[in-house]
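[1] Could you look at this predicted model? Sequence included:
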Amino acid sequence: MSSRPVDAGPAPAPVDARSALRLTRSVSATWWYMSLGIVAFELIAVLLTVVVLVEDERDALTTLAVAAGGLLWWLTTLLPLAAYRHRAEDVSLLVPRRHLPPLLVGVAYGLGAGYATGMWVVLVLPLLQAVILLNWPPGVRLRVVVAATALLVLLWVVDGNFSLRSGSAPSAFQLAFLSTILPITTVSSLWWWDVLVTLDKARASEARLAATQERLRVATDVHDLQGHHLQVIALQLELAERLMPQDPAAGMEQLRAARVSVGEARQGTRDLATRFRSVPLRDEIANAVDLLRAAGTVAEATVDPDSRYAPASALGPVIRETTTNVLRHGGGRWARLDLSRSNGSWRYEIANDVADGVDAAALDPAGTSGGAGLEGIARRAAEVGGHLDVRREDGSFTVTVTVPSEGENAG
């Protein structure tokens, strides 16, 4: 039987998974690309400074001192950069243990490197870079970097007229250019990170809002159903209470009517529950994919074109339970869902990566730490004549549920 991918909608923009500000893996990967770009530019600036000193044939002691100071300054800039990843909105402008080291070392390194190279740009750059990495409020950092870049361009012009003569080594011109663009490169990277975090927060809020709206819809339906029936029953009982002393027969009729209303309320509640349970399996899987993607997991699904004939009452709860297990115990990087028909049976399979620190016992259906969900799935499958298969291999965890197709035409 041919299969086709389920239309689960586009993956949401990546964003909030593991600390004070919780970020999904795709956004975390973007952070590493961005931060590595900044620190690479800083390190190249330090290396070019050393190259300039070597080309100018400065003494080895001066060159080594500048190199050591440059590496120390480069390492200290990692402190505010690392803190920026989980920066809170109400954080103070300067956190001493994060921002003072690059400021102090930047002043010392700038003075030494500027004196050794004779370049004003090199003298000012370390301090300006440390200033830019402070926790500036929105909009202020842009004005700071514009002022810093204007100052560096001005100093580059001064260096061009006095320090960078026609006979200067090419590395000196490269160093001046890199020093001038480093602040604006840093700020543009941090701005892009702020945009991604904002998008990720919006994605998380959208997922929470969707869940809240669904709960409100269920609560509204239950309230409307039960409220109507309970009001009718209350009126019938009150009327029976009034009629009993004068007309017992009429009072008994109202009691019988109240009993009928109770039965109608029970049936209405069952019908409401059935309506929520009988979501087509294609929609169940699409909802599962959306939920996994909202949690930052790269999720894909394949659904048989004839999935409307699959036993939704048996497989619907299985899809929801296994999705919950992936969210709780999965590695959070990827998941694959598949619903297909084979040899008179329906086969639902969900595979995902395994989270670090989760052992096989916690995932085994007979285990005591995490197997309650899988035991319930196995019991549910057995009730309709199906069976559960669980596999863990090569860093992946796979749950397969097979149920017979006879006698079911739900979904």
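    Right, received. Where do you want to start?

[2] pLDDT weak spots in the stretch 51-200 of the chain?
    163-169 (pLDDT under 70).

[3] Three-state assignment for Leu94, please.
    The three-state assignment at Leu94 reads coil, by DSSP: H, G, I helix; E, B strand; the rest coil.

[4] Around it, how many other residues sit close by?
    As a burial measure, the neighbour count of Leu94 was computed by other C-beta atoms under 10 Å and equals 13. Backbone N, C-alpha and C define where each C-beta goes, glycine included.

[5] In space, what's closest to it - neighbours in sequence excluded?
    Taking C-beta to C-beta, 6 or more residues apart in numbering as the measure, Leu94 lies nearest to Leu134, with 5.8 Å between them; neighbours along the chain are not counted.

[6] For that neighbour, give me its contacts.
    Contacts were defined as C-beta atoms under 8 Å, 6 or more residues apart in numbering; by that measure Leu134 touches Pro80, Leu93, Leu94, His99.

[7] Throw those into TSV and include distance to Gly386, thanks.
    Formatted as TSV, these follow (distance: C-beta to C-beta, whole Å):
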residue	distance to Gly386
Pro80	57
Leu93	62
Leu94	63
His99	61
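
[8] Now which of those would you call buried?
    With burial judged by 16 or more other C-beta atoms under 10 Å, the buried subset of the contacts of Leu134 is Pro80, His99.

[9] Which member of the contacts of Leu134 is positioned nearest Leu315?
    Each of the contacts of Leu134 was scored against Leu315 by C-beta to C-beta, and Pro80 proved nearest at 51.5 Å.

[10] any idea how far the closest one is from Glu42?
    Taken as C-beta to C-beta, to the nearest Å, the spacing of Pro80 relative to Glu42 amounts to 12 Å.

[11] cool, Gly330 as well?
    Plainly put, Gly330 is 37 Å away from Glu42 if you go by C-beta to C-beta.

[12] Can you list the buried residues in the longest strand anywhere in the chain?
    Looking only at the chain and at elements set by DSSP state E, the strand with the highest residue count is strand 330-342. Under the neighbour-count criterion of 16+ other C-beta under 10 Å, strand 330-342 has Gly330, Gly331, Gly332, Arg333, Trp334, Ala335, Arg336, Leu337, Asp338, Leu339, Ser340, Arg341 buried.

[13] what's the longest helix in this structure?
    Ranked by residue count and defined by DSSP state H, the top helix of the chain is helix 170-243.

[14] Show me what secondary structure element comes after that one.
    Helices and strands here follow DSSP states H and E; after helix 170-243, the next one along the chain is helix 248-277.

[15] which of the residues in that following helix are buried?
    Gly251, Gln254, Leu255, Ala257, Ala258, Ser261, Ala265, Gly268, Leu272.

[16] Between helix 170-243 and that helix, find me the angle.
    160 degrees (axes from the mean of the first three to the mean of the last three C-alpha atoms, to 10 degrees).

[17] Please report the average pLDDT across helix 248-277, rounded to a whole number.
    The average pLDDT within helix 248-277 is 82.

[18] Give me the helices and strands touching it, please.
    With contacts defined as 3 or more C-beta pairs under 8 Å, 6 or more residues apart in numbering; DSSP states H and E, helix 248-277 has these neighbours: helix 170-243, helix 312-329.

[19] So Thr30 belongs to a helix, correct?
    Yes: with three-state DSSP as the criterion, Thr30 is located in a helix.

[20] residues near the closest residue in space to it that isn't next to it in sequence, how many?
    Taking C-beta to C-beta, 6+ apart, and ignoring the residues beside it in sequence, Thr30 has Leu196 as its nearest neighbour in space, at 5.8 Å. Each residue near Leu196 was counted by other C-beta under 10 Å, and the total is 19.

[21] now do the one 10 residues further on
    Glu206 sits with 14 neighbouring residues when counted by other C-beta under 10 Å.

[22] Comparing the helices and strands packed on helix 248-277, which comes out most buried?
    Per residue and on average, the most neighbours among the helices and strands packed on helix 248-277 fall to helix 312-329, with a mean of 20 (mean count of other C-beta atoms under 10 Å).

[23] So which of the helices and strands packed on helix 248-277 is nearest Trp31?
    With C-beta to C-beta as the measure, helix 170-243 is the member of the helices and strands packed on helix 248-277 nearest Trp31 (6.4 Å).

[24] Would you agree Ile233 is in contact with Val262?
    Yes: taking contacts as C-beta atoms under 8 Å, Ile233 lies within contact range of Val262: 6.3 Å.

[25] Got the domain ranges for the protein?
    When the chain is parsed with automatic domain parsing, its domains come out as 25-203, 204-277, 281-404.

[26] dump the residue contacts of the residue of the chain most remote from its centre.
    Largest separation from the mean C-alpha position in the chain: Gln246, at 69.1 Å (C-alpha atoms, centre = their mean). Listed by C-beta under 8 Å, 6+ apart, Gln246 has no contact partners.

[27] what's the distance between it and Gln254?
    As for Gln246, its distance to Gln254 is 13 Å (criterion: C-beta to C-beta).

[28] what's the answer for Thr76, then?
    Using C-beta to C-beta, Thr76 is found at 84 Å from Gln254.

[29] go on, Gly316?
    41 Å.

[30] quick one on the thing from earlier: the longest helix of the chain - contacts with which helices or strands?
    For helix 170-243, the packing partners by 3+ C-beta pairs under 8 Å, 6+ apart come out as helix 25-55, helix 120-132, helix 140-162, helix 248-277, helix 281-294.

[31] so what secondary structure elements neighbour the longest one?
    In this structure, helix 25-55 packs against helix 60-84, helix 96-117, helix 120-132, helix 170-243, with contacts taken as 3+ C-beta pairs under 8 Å, 6+ apart.
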